[in-house]
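Q: 3D model of this:
(one chain, ligands or ions: 1)
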Amino acid sequence: MNRLPYIYILFLLPMLMISLNVSAQEDYKLWLQYAKVQDSKLATEYKSKINGIVALENSETIQVASKELQLGLSGLLDTKIEVQQNIDSENALIFGSKSSLDEDILKNLKKEFDQINDEGYIIKTIQVKSKNHILITGKTDVGVFYGVFHFLRLLQTKTSIENVNIADAPKINVRILNHWDNLNRTVERGYAGFSLWNWQKLPDFIDQRYIDYARANASIGINGTVLNNVNANALILTPQYLEKVEALANTFRPYGIKVYLTARFSAPIEIGGLKTADPYDAEVKNWWKEKTKEIYKRIPDFGGFLVKANSEGQPGPQNYGRNHVDGANMLADAVAPFGGIVMWRAFVYSEHDVDDRAKQAYSEFVPYDGQFRNNVIVQVKNGAIDFQPREPFHPMFGAMPKTPLMMEFQITQEYLGFSTHLVYLPKLFQEVLKSDTYRKGKGSTVAKVIDGSLDNHKITGIAGVANIGNDINWTGHPFAQANWYGFGRLAWNPNLDSEAIADEWLRMTFSNDENFVNPVKEMLLKSREAVVNYMTPLGLHHIMDTGHHYGPGPWVSNLSRPEWNPVYYHKADKNGIGFDRSKTGSKATTQYAPEAAKIFDDVKTCPEKDLLWFHHLSWDYKLKNGQTLWNGMALKYQEGVDEVAAMQSTWNKMGNYVDEHRFKEVQMLLNIQHKEAKWWRDACLLYFQQFSGKELPKRVEKPTQTLEYFESLKFPFAPGNN
Ligand code: BDP
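A: Residues are numbered from 1 along each chain as shown. A predicted model of the protein is given here:
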C-alpha cells in the first residue's frame, strides 16, 4: 500500500447512538438489521477472516462505508471491530478505490477491473507480503461502497468468505426512485404516512431519516431520487425551495445518490412571470437555461428533470401547438452543459382520442423515435394502461430503437391493495423484464431494451414510484420493504431472479433459519398471483373503485372520461367479457412485433393470464383446463382468497422466528387482506353474474353481502388520493 490509511472513529459513536435511538424497532432497520450470526461455525470463520478494517482513503463516501462496516460487523459478529492503521497483521478487511491501491495489487486485479464499470466493485481475497486479506475495491468510491454492502450481505445471508472472488457492476445507469411527494407532505398514492421531506425544517434540520434513507438506497445500488410529485408544483424551483433541495443533495451525495426534480412545464409563467411557456419562445428557453444554471450552482451534480407533460391535465408543449420532442429537447438543452438528463414520461392518453387508451402512448410517441436529444430518456410505464396487478408489457418497449427508453415500475401499491396487502412485486417486475418484444427476433427481452444492450444505448434507466413515507416501518407493511429492496436489486441487474432476491431479503430482514426462510419465501412468491386472482384474474384490469382505487368498482360507469370507468375495461355484457384488442377489435396487438402480435391475437395462443386483456369472450368459452370462462373466472377469484388464507396459516406458524412486534403487525395485516380478498371476490362475482346469468361453481364460497351493499360503500378519505 503506498498511501497512509485513515481511521474514522470520531464520527462513529454519536451517529450510531442517534440511529439506534430512532430505530428501536426492528421495523425501522429494514434489511440492514445486522443481527448476530447464529451459525457458530460461520461466526468463527467470519471472525478469523476479519481481524480489523483498514480504509485506504478518507473521502466522504469511504467514511460512510467505514461507518457502515463498523455498524454491520459489530452487530453480525457481536464484537467491536478494530479499525487498523495498517495491514501488518493478517486478515484485514481492506477497502479503497483503485487509485489507492499499489502497483502489485493493481496488476493482479487487471482482469477484474476490466470487467466492471465505474460503479462496480471487486471483493477478493488477496495476499500482501504473503499474508491473506480481503480487499474491497472499485474504480470509484461509490463502487467501493456498493462492494461494502455486498460484503455485508454475504455475512447477513450465511455465505462463506473463505476465498472470496466477486466482481460485479450495475447494468443500468440511472436507478432511481420517483417520489410522488407534494410540498405539503401528502404523498400521491402514498400509503405509508407523510412525505419524508420535512420542507418546513429544511435546510437547517437534517433528519436522521434522510441519512438512513440514503444508506438503505445505497445498499441496493439506487443512485438517484426524484424528490417531488410528477404532478408538479413549480414552487420547488424557487430559491426558497432550492435551498432545501440543496441540503438534501448534500446529505445524499456521500451515498452516491443524485437528486432530480420534476419540472412543471408552465413554471416560466407561474414563477418566472413570463406570458407563455412555449418551448419555441426565446425568453422561455432562456428562462429554463438560467433556472438550470441556478440549480447547478447550488447542486453541481444535480441529475436533471423528470417531466409529466400533457397528461391528465398537466401543462406541456401541446398547449402551444408544439410536441413532446420540442418540450423535451428544450429542457435537454438547458441541462446538457452540466451533464444533466431529462426523463420525459410517456404516460399519456386523452379523452379526445376515441381510440383504445392502451394504444395512445404508442401512437403519440413512436413517430418521434430518433428525434430526441441524446440526453433525453423516455420513461415508459411497464404496461400500456396503468400499473395494474398484471399487464402485458408496454408495446413501446419494442418500438423505439433509436430512443433510450427507461422503465417505470410502481413500487407503491396503488392498484394492489395499498400497503395493507402483502404482495411481493419483484415477481411482477421480473415477469415484465423477461417479456419478449421480439423486436430483433426471439430473445429481445424488455430487460435488454432498458439495459441498452439491444440497441446500444448509452443512457439507460429504471424508475420505481416509491412506497416510502414517514411510518416507522417506512413502507406501511413490513413486507412492502421487500418491494423497495427488490426494485433496487433488479435495477442493478434486471436479470436477477425474484426468488433469489426474496431469499436474501428474508434472511437480512428476519432470520436465516431455514424453517422460516423456506415457507415464508413460498408465501412471498405466490402472493403476486394471489392478488391477481382475487382482483383481476385472466387479464381483467382497471376495475378498482375510482379515484382512490381502493377496493372493487367494476360497476362504475358515470365518470366524465370514458376511459376512467371500469366498464370501459371489462366490457361485460350478456354475451361475455373482456376487451377485444385483437385484429377484430381495437387492433392494439398490431403495436407489437409480428411474432408477439401473433401470439396475443390468436385466442388459442394468447396466454390465459392475459386473455381478457386482448379478447372479448363468451361466458361459455372453454379454458385450457376445460372449465367455462365463467366457472374458471369464479374459481380464480376463490383461489386468490384461498391463497391469502394459506398465507395466514404460514405466517401464524412463524411466531418463534420473528420479533413479536413485526409478527403481530403482519398477522393483523394478513387478516385485513383476507377480508378484502373476499370483498373483491364477492363484489366482482356478484356484479359479473348479472351478465353471465350463471350459478357460482360449487367450490366458490357464498357471497358475504349483496351487490347493492358493495356498491353502496364509499371511501371519501381513502389515503393517497389528494
Ligand atoms: C396514475 C395515478 C396518478 C398519477 C398518474 C401518473 O393514479 O395519481 O399521477 O398515474 O403516473 O396511476 O402520472
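
Q: okay, CA-based contacts and neighbour counts for the rest of this
A: Noted.

Q: Buried residues, stretch 374-390. List them.
A: For stretch 374-390, burial by neighbour count (16 or more other Cα atoms under 10 Å) applies to 374-390.

Q: Could you do stretch 32-39 as well?
A: Buried positions in stretch 32-39, judged by neighbour count with 16+ other Cα under 10 Å: 32-37.

Q: what do you get for stretch 118-134?
A: Going by neighbour count (16+ other Cα under 10 Å), the buried part of stretch 118-134 is 118-126, 132-134.

Q: Which member of the buried residues of stretch 32-39 is positioned nearest S350?
A: Checking those against S350 with Cα to Cα, the nearest one is L32 at 44.0 Å.

Q: does that closest one count as helix, strand or coil?
A: Three-state assignment for L32 (DSSP: H, G, I helix; E, B strand; the rest coil): coil.

Q: List the contacts of it.
A: Counting by Cα atoms under 8 Å, 6 or more residues apart in numbering, L32 makes contact with 72, 216, 508-509.

Q: From the ligand, how far off is it?
A: L32 sits 30 Å away from the ligand, going by Cα to the nearest ligand atom, to the nearest Å.

Q: Buried subset of the contacts of L32 as a ChimeraX selection?
A: This is the ChimeraX syntax for the buried subset of the contacts of L32, where burial follows 16+ other Cα under 10 Å:
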select :72,216,508,509
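
Q: out of the contacts of L32, who's nearest A346?
A: So of the contacts of L32, ranked by how close each gets to A346 (Cα to Cα), first place is A216, at 29.0 Å.

Q: Doesn't the closest one belong to a helix?
A: Yes - applying three-state DSSP, one finds A216 inside a helix.

Q: okay, now the residue lying closest to N117 once chain neighbours are set aside: neighbour count?
A: Leaving aside its sequence neighbours, N117 sits nearest to A169 (Cα to Cα, 6 or more residues apart in numbering; 6.1 Å). Neighbours of A169 under the rule other Cα atoms under 10 Å: 20.

Q: What are the phi and psi values at A169?
A: Phi and psi for A169, reported as degrees, to the nearest 10, are phi -150, psi 150.

Q: Any buried residues in stretch 508-518, and which?
A: Residues of stretch 508-518 classed as buried: 508-512, 516-517 (neighbour count, 16+ other Cα under 10 Å).

Q: Using CSV, write down the CA coordinates of it.
A: Extracted C-alpha coordinates of stretch 508-518, given in CSV (Å, rounded to 0.1, in the frame of the first residue of the first chain):
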residue,chain,number,x,y,z
MET,A,508,-31.3,-10.0,6.0
THR,A,509,-34.7,-8.7,7.4
PHE,A,510,-35.9,-11.5,9.6
SER,A,511,-33.9,-14.7,10.0
ASN,A,512,-31.6,-17.2,8.4
ASP,A,513,-33.5,-20.1,9.9
GLU,A,514,-34.5,-22.4,7.1
ASN,A,515,-37.7,-23.2,8.9
PHE,A,516,-38.6,-19.6,8.5
VAL,A,517,-37.0,-18.8,5.1
ASN,A,518,-38.5,-21.6,3.1
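
Q: Right, I'll call it a day here.
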